[in-house]
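K.L.:
Sharing a model that was predicted from the sequence below.
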Amino acid sequence: MTNTGWDAALGNHALNDAVLRIAAQQESKPAGGAALDQILIASGGAGVLTAALLVLGWGHRSGRVTLLARLARLSERGPSRGLPGWTALPTVVALLSLLTALLGMYWDISLHISHGRDEGPLANIAHYPILIGLFGIFTSGVLAVVLPKGERPGRAAVRITRDWYAPVGGVLLAGAGFYALLGFPLDDVWHRIFGQDVTLWGPTHLMLIGGAGLSLVAMMILEREGRRAGSDLAASAAASSGPSGAPGERPAAVEPPPAWARYVRRGMLGGGLLIGLSVFQAEYDFGVPQFRLVHQPMLIALAAGCALVAARLWTGRGGAVFAVAFYMVVRGGVSVLVGPVIGELWAAVPLYFAEALCVELAALALARRPLALGAVSGLLIGTAGFGAEFAWSDVAFTLPWTGDIAAEGMIMAVAGGVAGGLCGALLAEGLEGRLPRPAVARTAFAGALVAVAACVANGLMIDVPQHARATVTLTGIRGGENDRTADARVTFSPANAVSDPSWVAVTGWQGEGLHVEPMVREREGVYRTSAPMPLHGEWKTLIRLHDGRSLSGVPIYLPADPAIGAQRLPAPQSFTRDVQSERRILQRELKSDVPGWLWAACSAVVLACTLILIVALGWGVARASRLLPEEAGLPSSPRERVGT
C-alpha cells in the first residue's frame, strides 16, 4: 500500500481503532495530568512530612526536642571530623538523599522509555525514591538552618531573627531542594496545559534535575563555612587556656580533621557535582536523545570542566581523578542497579578519566593561576577529552558519535569545556576565599553563562527536510498480531536527503522494552535494518534521521492511544510516508491547540527561576569568599596544594 500522509494509512482501520478505543477507555493512561485523588494523596503526604520537619526544627530551637542535637554530635565522626554538627549532619543527609534521588531518576527514565506513560504519580514505583531524595535535600538545608543554636555559624551566616543566624550554604541548600521539589506539582500542571512531553529536557523536568544537581554547590559552601567555624572554635579554645595549659572556661573545640578526611570529603563533593551535572545527558545515555548529537560532547565537556577543575583546586593533587573514581562507582552502580538488578534498561556511562588527566596535567603548571587553569583545562577537555569520548562512544553508547559531528562537536566541546573550567575555578577559589576582584569574577562568570547559552541555542537549531519521502518495504515478517516483527529496506527520495548522517536508526520504545538499531547503508539514500523491529502491541516504532541540523523521522508503527484520540498507524508490507518532524512522533501526546506564546512564556518563567538559583549560588560563593578569606597557614593554599 502507498500513501503520502497519515490519513490514507489510517482510513481502512478506523472501525478497528474505534473498537480498540472503546475497549481500552477504562485502562487508558492519562496524558494530561494525574487523577485528582492521586494529587490529593501526594499533596497530603508532602504536607504531613513538612509539618513534621517544622515541628522537629521548632522543638530543637526551643530546647524541647534533643534528637537533632544528638544526631549532630554523632555525625561529627569519620570523614566529617573537623566539621560542626550543623554542617556534618546536613551533609550526610544530603549525600544520601542525592543518591536516592539519582537511583529513582534513572529508574523512572528507564520505565518511561520502556513502558511509556504511567497511570499516575503514585502508580510509578520509581517516583518514590525521587520524592524521598528531593525532600531529603530540602530537609538537609532546613537542618543546616535550624541546628545552630546560641551561636553565629561563621561570619558568612545570614540573619533570620534577632538572635538566629543560619549558614548561607544551608539557606541555599534548602532553596535548591525546594526548587527541585516544586518541579513535581508544576510538572502535573504543565501536562494539563501542554500535554505529556516525553523528554528529559521538558522545562519542569529540568527543574527537578537542576535543583538537585546544583545543590552540590550549596553543600560545598556549607562545608567551607563549617570548616572555618571549626578552625575558629579550635583557635578560640586554645586562646582560652591558662598559662599552665589547663583549660578554663572556653568553648568546646571541634576536633581538627586529619588530612585524609578533608581530602575524601571534598573529593566526594567534587564527584557529586560531576554526577549532578552529568544527569542532563541521560537521554543520550539511554540512546533515545531527542536533540542534536552535538549537545552530548558539549554537556560532557561542561560537566568535566566545572566539576573536575573545582575538584583539583579545592581538593589537591589527584582531586580530579578521585572525583571521577567516585563518579564511576556511584553512576556505574546506579546503572547496574537499574539494569541487571532491577531488570530495566541499561544507561551508558561517559568515561571522564581522560578529562581528569587533562586537568591534572594542566594543574602541574597552572595550579597557582586558577582562571588560566580553568581555561586551559577546558581547551584540553574539548580537544583531547573529546577525542577520548569519541572513541569511548563507539564502545559504550547505543548511538556512537560519527564524522558528521566531528568539527561542530569539537567546537561545542571546547566552548563548554572552557566555560565549565572557568566556573569550576571561580567556585574553588571562592570557597577558599581567593576570588579575583569582582570585575574579573563577574565578567568570567557571565561570559561562561553566555557561552553555555549560545551552545545550547546552537544545538536547538533544527530543521526538517522539505518534500522528502521514504519508501519502506518489510521483509522477513515474523509472528502474528501480538508478536509481529520484521526487517525493512528503506529508500529515501530524493536520495541526497541523507548525505553524511549522525545516525539513521530504527527506534522502538514504550512497548515493554527499547529497540535501537543503527541501519546499514547500502548506497546513497538506501538503508536496511540490522535487526528485526517490533511492530505490535504498544510499541512505537519509527526510523530516525539525524543529518547535520536535520532531526526528522518516519513512523513505521504506532498503536492507538485513546487518551489523546490518536488512531493506530499500521505497518503494511510496503508503504511510502513523508519524512517529518520526529518530535511529532516521539511526543505525540503534546497538545497541538495550545498557543505557541503560552509555551514560550511558561518556559521563560522556568528559565528565569533557574537563572535566579544559579545567580544565588554565585552570590553565596562570593559571600563566603569575602567574609571567610583564606587563612595563613592553611594547607589549602596554592603553594602547599601543588605539593600535596
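P.N.:
Ah, there it is. Because the structure is a prediction, the values reported are computed rather than measured.

K.L.:
what bits of this protein have low per-residue confidence?
P.N.:
Along the chain, segments meeting pLDDT under 70 span 1-28, 32-33, 35, 232-257, 630-644.

K.L.:
Give me the most central residue, it.
P.N.:
Val279 (2.6 Å; CA atoms, centre = their mean).

K.L.:
roughly how far apart are it and Gly104?
P.N.:
Between Val279 and Gly104 the computed distance is 12 Å (CB to CB, to the nearest Å). Any C-beta I mention is one placed from the backbone N, CA and C, and that applies to glycine too.

K.L.:
for Leu351, same thing?
P.N.:
25 Å.

K.L.:
the more surrounded of these two?
P.N.:
Gly104 (23 against 20; other CB atoms under 10 Å).

K.L.:
just checking, that one is part of a helix?
P.N.:
Yes - judged by DSSP: H, G, I helix; E, B strand; the rest coil, Gly104 forms part of a helix.

K.L.:
Setting aside sequence neighbours, what's the nearest residue to it?
P.N.:
Spatial nearest neighbour of Gly104, excluding adjacent residues (CB to CB, 6 or more residues apart in numbering): Pro129 at 3.1 Å.

K.L.:
burial measure for the one you found, as a count.
P.N.:
Neighbour count for Pro129, taken as other CB under 10 Å: 20.

K.L.:
Over to Pro400. Which of the three states is it?
P.N.:
Once three-state DSSP is applied, Pro400 turns out coil.

K.L.:
I'd like the next helix or strand past the host helix or strand of Phe322.
P.N.:
Using DSSP states H and E, Phe322 maps to helix 319-336. As assigned by DSSP H and E, the chain's next helix or strand after helix 319-336 is helix 353-366.

K.L.:
what's the angle between the helix or strand following that next one and helix 319-336?
P.N.:
Going down the chain from helix 353-366, the next helix or strand is helix 370-380, by DSSP H and E. Helix 370-380 runs at 50 degrees relative to helix 319-336, counting by axes from the mean of the first three to the mean of the last three CA atoms, to 10 degrees.

K.L.:
Tell me which other helices or strands helix 370-380 touches.
P.N.:
helix 295-315, helix 353-366, helix 406-431 (3 or more CB pairs under 8 Å, 6 or more residues apart in numbering; DSSP states H and E).

K.L.:
Return the most buried member of those helices.
P.N.:
helix 295-315 (a mean of 31; mean count of other CB atoms under 10 Å).

K.L.:
who does it touch, helix- and strand-wise?
P.N.:
helix 259-278, helix 282-286, helix 319-336, helix 353-366, helix 370-380, helix 386-396, helix 406-431, helix 438-459.

K.L.:
Give me the angle between that helix and helix 370-380.
P.N.:
Using the same axes, to 10 degrees: helix 295-315 against helix 370-380 is 150 degrees.

K.L.:
So what's the gap between helix 295-315 and the chain middle?
P.N.:
With CA atoms, centre = their mean, to the nearest Å as the basis, helix 295-315 stands 14 Å off its chain's centre.

K.L.:
cool, and stretch 119-126?
P.N.:
Counting by CA atoms, centre = their mean, stretch 119-126 comes out at 21 Å from the chain centroid.

K.L.:
Not counting its own residues, what contacts that stretch?
P.N.:
29-30, 34-35, 38-39, 41-42, 104-105, 107-108, 110-111, 118, 127, 184, 188 (CB atoms under 8 Å, 6 or more residues apart in numbering).

K.L.:
So which of the residues you listed belong to helices?
P.N.:
Members of the contacts of stretch 119-126 lying in helices (criterion: DSSP state H): 38-39, 41-42, 104-105, 107-108, 110-111, 127, 184, 188.

K.L.:
Next, format those residues as a markdown table and append distance to Leu96.
P.N.:
A markdown table is the format used below for the ones in helices among the contacts of stretch 119-126 (distance: CB to CB, whole Å):
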| residue | distance to Leu96 |
| --- | --- |
| Gln38 | 27 |
| Ile39 | 28 |
| Ile41 | 25 |
| Ala42 | 22 |
| Gly104 | 13 |
| Met105 | 15 |
| Trp107 | 17 |
| Asp108 | 19 |
| Ser110 | 22 |
| Leu111 | 23 |
| His127 | 18 |
| Phe184 | 20 |
| Asp188 | 27 |
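
K.L.:
how many neighbours does Gly620 have?
P.N.:
Neighbour count for Gly620, taken as other CB under 10 Å: 27.

K.L.:
quick one: it and Pro167 touch, right?
P.N.:
No - contact between Gly620 and Pro167 fails when scored by CB atoms under 8 Å: they sit 9.8 Å apart.

K.L.:
Mind listing what's buried along the helix or strand hosting Ile209?
P.N.:
Secondary structure from DSSP H and E places Ile209 in helix 203-239. Buried positions in helix 203-239, judged by neighbour count with 16 or more other CB atoms under 10 Å: 203-234.

K.L.:
Stretch 602-619 too?
P.N.:
Cys602, Ser603, Val606, Cys609, Thr610, Leu613, Ile614, Ala616, Leu617, Gly618.

K.L.:
Take these and keep only those in helices.
P.N.:
Using DSSP H, the buried residues of stretch 602-619 in helices are Cys602, Ser603, Val606, Cys609, Thr610, Leu613, Ile614, Ala616, Leu617, Gly618.

K.L.:
Secondary structure element holding the residue nearest to Gly104?
P.N.:
helix 127-146.

K.L.:
Leu449: which of the ones in helices among the contacts of stretch 119-126 is nearest?
P.N.:
Met105 (24.7 Å; CB to CB).

K.L.:
Alright, I will stop here.
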